[in-house]
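Colleague: Using only what follows, build the 3D model:
(chains A, B, C, D, E and F)
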Protein chains: 4
Amino acid sequence: MKNVFISHMSDIPIYQQLYDQIVAQILSGELKSGTNLPSIRTMAKELRVSVITIKKTWEELEKSGYLRTISGKGTYVSTLSDQSLEKKKYDLLREILSKDVLQCKALDISKEEILEVIKDIYDHKK
Amino acid sequence: MKNVFISHMSDIPIYQQLYDQIVAQILSGELKSGTNLPSIRTMAKELRVSVITIKKTWEELEKSGYLRTISGKGTYVSTLSDQSLEKKKYDLLREILSKDVLQCKALDISKEEILEVIKDIYDHKK
Amino acid sequence: MKNVFISHMSDIPIYQQLYDQIVAQILSGELKSGTNLPSIRTMAKELRVSVITIKKTWEELEKSGYLRTISGKGTYVSTLSDQSLEKKKYDLLREILSKDVLQCKALDISKEEILEVIKDIYDHKK
Amino acid sequence: MKNVFISHMSDIPIYQQLYDQIVAQILSGELKSGTNLPSIRTMAKELRVSVITIKKTWEELEKSGYLRTISGKGTYVSTLSDQSLEKKKYDLLREILSKDVLQCKALDISKEEILEVIKDIYDHKK
DNA sequence: GTGGTCTAGACCACT
DNA sequence: GTGGTCTAGACCACG
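Modeller: Have a look, this model is predicted:
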């Protein structure tokens, strides 16, 4: 498993960090349908995390339909249609943004101001 | 105290919910400099929340410079210059949006897509 | 918490045994809406089970809408309308039976035979 | 071997799925006494399952008296009297249904309700 | 080898 | 006090 990073210091639970990153990798196409993920124990060792934490993440991802697990065989990325992937991606995008856009409105910030700042951050932040 | 809403079901701590809403009201001009806030006990009763929780919120708001407490008199909204308010508002705005942009980039979402969705949310959502 | 029994020997996971029994108690009206359940730690001690096992059960029950948890306060039986309870009960009933009725059909057993045996078991089994 | 279906996704062990289906076929008369079953390897290939799994199923079926293996010749469906078949069928039926009745009683569901639902499932479900 | 489950004890944040 | 999270090590069933 490459490109997964965990912070034990963050106040975001480890399983949540993992969940978010794997969803992002699946939705961005980095992790392809059918990919066989490393065993929970291998994963746990690599990330220096408890088996149970990985298991919990996997369970959440299964419930959301991103993974499927075959007992005694392993865990695989679900086969999702491109259409379905796009939908999930769009839903997630809206979910991420709507809470914060509402917060900005509560701060009495204009739409134009928000758009301006987004452009600025998107381009300048590495 | 009007226009403050608390959810016990949310996974966001109550003191955080309160903090965010009061900051928003100050930065948006809804709560003006020098306003005398209700006493901790009154506040606690109104919101059906523990006194400790209100106390914690007030402390955080004082630390951030939004409130100041005068022993035996009460708690007041700090006197801040318009310039200073604008600066705090802008900083908060950037902080909120930076996180979102990072997440979107991880999802491989283009700048244009983000802008489109933001416009949509800003206009359509009540 | 009364009337909950756990077998460490059964091959059914503990959290599943607990889940089933609590659902049954809620649907049968034994556990009423709003009831404050014992803390996960108290529960764990009483049943001589790990805290994490109770937590897992509670989580599943929350996902199914039977419980709601307020961090730092406790866990409560959800407020469900009688109608909603009846529906859940009926759905569960169908779920329990359909698998087995189908199995009986595969055994080439007639409807009448099944009904006869059910009546017999229902009346005679303590 | 016809009419045997395996699901790798189910949480029921594969050998159990196989076991149940073969027992059903024997008890329903679909598989007749003396029938020569395909070799373990053939079976394994057909069902895309490990040889070990088939071996385990066969062993269980032998233990229960449904199959007998003659070294160097193959595996055959045991010769059972009709009476003996009927008895096994009836026992299995009771075993399956007892569990259900117990669960229903815990849910405080009346005998009549159960009978009604069973009729419904038996007739309507394909 | 794989996943599935469990424990006992620990630390933290919230009320 | 409450829930939320995590670990390390263990045992089992399955393939």
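Colleague: how near is A:Val23 to DNA strand E?
Modeller: The spacing between A:Val23 and DNA strand E, counted by CB to the nearest atom of the strand, to the nearest Å, is 18 Å. Just so you know, the C-beta spots here come from the backbone N, C-alpha and C atoms, and that holds for glycine as well.
Colleague: Which residues are in contact with that residue?
Modeller: A:61, A:64, A:66, A:92 (CB atoms under 8 Å, 6 or more residues apart in numbering or on different chains).
Colleague: Can I have the buried ones of those residues as a PyMOL selection?
Modeller: This is how PyMOL selects the buried members of these, with burial counted by 16 or more other CB atoms under 10 Å in any protein chain shown:
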select buried, chain A and resi 61+66+92
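Colleague: Specify which member of the contacts of A:Val23 is nearest to chain C.
Modeller: Set against chain C, the nearest of these by CB to the nearest CB is A:Ser64 (11.9 Å).
Colleague: Mind pulling up the pLDDT for the residue lying closest to that closest one once chain neighbours are set aside?
Modeller: The shortest distance from A:Ser64 to any non-neighbouring residue, by CB to CB, 6 or more residues apart in numbering or on different chains, is to A:Val23 (7.5 Å). Looking at A:Val23, its pLDDT stands at 96.
Colleague: just the contacts of A:Val23 now: which is nearest DNA strand F?
Modeller: Comparing the contacts of A:Val23 against DNA strand F with CB to the nearest atom of the strand places A:Leu61 closest, at 14.0 Å.
Colleague: That closest one and A:Gly74, how far apart?
Modeller: 14 Å (CB to CB, to the nearest Å).
Colleague: How about A:Gln83?
Modeller: Distance, A:Gln83 to A:Gly74, by CB to CB: 27 Å.
Colleague: With neighbour numbers in mind, choose between those two.
Modeller: A count of neighbours by other CB atoms under 10 Å in any protein chain shown puts A:Gly74 above the other of A:Gln83 and A:Gly74, at 12 against 8.
Colleague: Just grab the bridge partners of that one for me.
Modeller: A:Ile70 (DSSP bridges).
Colleague: give the contact list for it.
Modeller: Taking CB under 8 Å, 6+ apart, we find A:Gly74 in contact with A:36-37, A:39.
Colleague: Any chance of these in JSON lines with secondary structure, neighbour count and distance to C:Leu107 as columns?
Modeller: As requested, the contacts of A:Gly74 are exported to JSON lines (DSSP: H, G, I helix; E, B strand; the rest coil; neighbours: other CB atoms under 10 Å in any protein chain shown; distance: CB to CB, whole Å):
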{"residue": "A:Asn36", "secondary structure": "strand", "neighbour count": "10", "distance to C:Leu107": "38"}
{"residue": "A:Leu37", "secondary structure": "strand", "neighbour count": "19", "distance to C:Leu107": "40"}
{"residue": "A:Ser39", "secondary structure": "coil", "neighbour count": "14", "distance to C:Leu107": "39"}
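Colleague: which one of those residues is nearest A:Lys99?
Modeller: The shortest approach to A:Lys99 among these belongs to A:Leu37, at 30.1 Å (CB to CB).
Colleague: Identify the bridge partners of that closest one.
Modeller: A:Thr75.
Colleague: wait, isn't it in contact with A:Tyr76?
Modeller: Yes - judged on CB atoms under 8 Å, A:Leu37 makes contact with A:Tyr76 at a distance of 6.8 Å.
Colleague: all strands of chain A, in order?
Modeller: For chain A, the strands defined by DSSP state E occupy A:36-37, A:67-70, A:74-77.
Colleague: how distant is the second one from the center of its chain?
Modeller: Which is strand A:67-70. Relative to its chain's centre, strand A:67-70 lies at 17 Å (CA atoms, centre = their mean, to the nearest Å).
Colleague: now check that strand, is it near DNA strand F?
Modeller: No - Strand A:67-70 does not reach DNA strand F (CB under 7 Å from any atom of the strand); its nearest approach is 7.7 Å.
Colleague: Please apply the same query to the shortest one.
Modeller: No - remark: strand A:36-37 sits outside contact range of DNA strand F, by CB under 7 Å from any atom of the strand, the gap being at least 14.2 Å.
Colleague: for that strand, packing partners?
Modeller: Applying 3 or more CB pairs under 8 Å, 6 or more residues apart in numbering or on different chains; DSSP states H and E, we find strand A:36-37 packed against strand A:74-77.
Colleague: can you rerun that using 10 Å?
Modeller: helix A:51-63, strand A:74-77 (3 or more CB pairs under 10 Å, 6 or more residues apart in numbering or on different chains; DSSP states H and E).
Colleague: cool, the second one as well?
Modeller: Helices and strands in packing contact with strand A:67-70 are listed as helix A:51-63, strand A:74-77; criterion 3+ CB pairs under 10 Å, 6+ apart.
Colleague: which stretches of chain A form helices?
Modeller: Ranges of helices within chain A are A:14-27, A:40-47, A:51-63, A:82-106, A:111-124, based on DSSP state H.
Colleague: Pull the contacting residues for the residue in chain A sticking out farthest from the centre.
Modeller: In chain A, the residue that sits farthest from the middle, by CA atoms, centre = their mean, is A:Asp108; the gap is 30.6 Å. Each residue near A:Asp108 by CB atoms under 10 Å, 6 or more residues apart in numbering or on different chains is listed here: B:24-25, B:27-30, B:89.
Colleague: how far away is it from chain D?
Modeller: Applying CB to the nearest CB, to the nearest Å, the value for A:Asp108 to chain D is 52 Å.
Colleague: Check A:Ile14 too.
Modeller: Distance, A:Ile14 to chain D, by CB to the nearest CB: 26 Å.
Colleague: Kindly report the same for A:Glu113.
Modeller: As defined by CB to the nearest CB, A:Glu113 lies at a distance of 50 Å from chain D.
Colleague: separation between the closest residue in space to that residue that isn't next to it in sequence and chain C?
Modeller: Nearest residue to A:Glu113, sequence neighbours excluded (CB to CB, 6+ apart): B:Leu93, at 7.3 Å. B:Leu93 is 29 Å from chain C, where distance means CB to the nearest CB.
Colleague: Where do the domain boundaries of chain A fall?
Modeller: A:14-77, A:82-124 (automatic domain parsing).
Colleague: Nearest to D:Asn3 among the ones you listed would be which one?
Modeller: domain A:14-77 (23.3 Å).
Colleague: Now list whatever residues contact both of A:Leu61 and A:Gly74.
Modeller: A:Leu37.
Colleague: which residue packs closest to the spatially most central residue of chain A, ignoring adjacent ones?
Modeller: Compute the mean C-alpha point of chain A, and by CA atoms, centre = their mean the closest residue is A:Asp20, 2.4 Å away. Excluding the flanking residues, the one nearest A:Asp20 by CB to CB, 6+ apart is B:Gln103, at 7.9 Å.
Colleague: Model confidence for the one you found, exactly?
Modeller: We have a pLDDT of 92 for B:Gln103.
Colleague: Could you report the neighbour count for it?
Modeller: 16.
Colleague: isn't it right next to A:Ile121, touching?
Modeller: No - the pair B:Gln103 / A:Ile121 is not scored as a contact, 11.8 Å apart, by CB atoms under 10 Å.
Colleague: quick one: buried residues of stretch A:78-90?
Modeller: Residues of stretch A:78-90 classed as buried by neighbour count (16+ other CB under 10 Å): A:78, A:80, A:85, A:88-89.
Colleague: could those residues go into CSV alongside pLDDT and distance to B:Met9?
Modeller: Below are the buried residues of stretch A:78-90 laid out as CSV (pLDDT from 0 to 100; distance: CB to CB, whole Å):
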residue, pLDDT, distance to B:Met9
A:Ser78, 95, 30
A:Leu80, 92, 31
A:Leu85, 94, 31
A:Lys88, 95, 25
A:Lys89, 95, 28
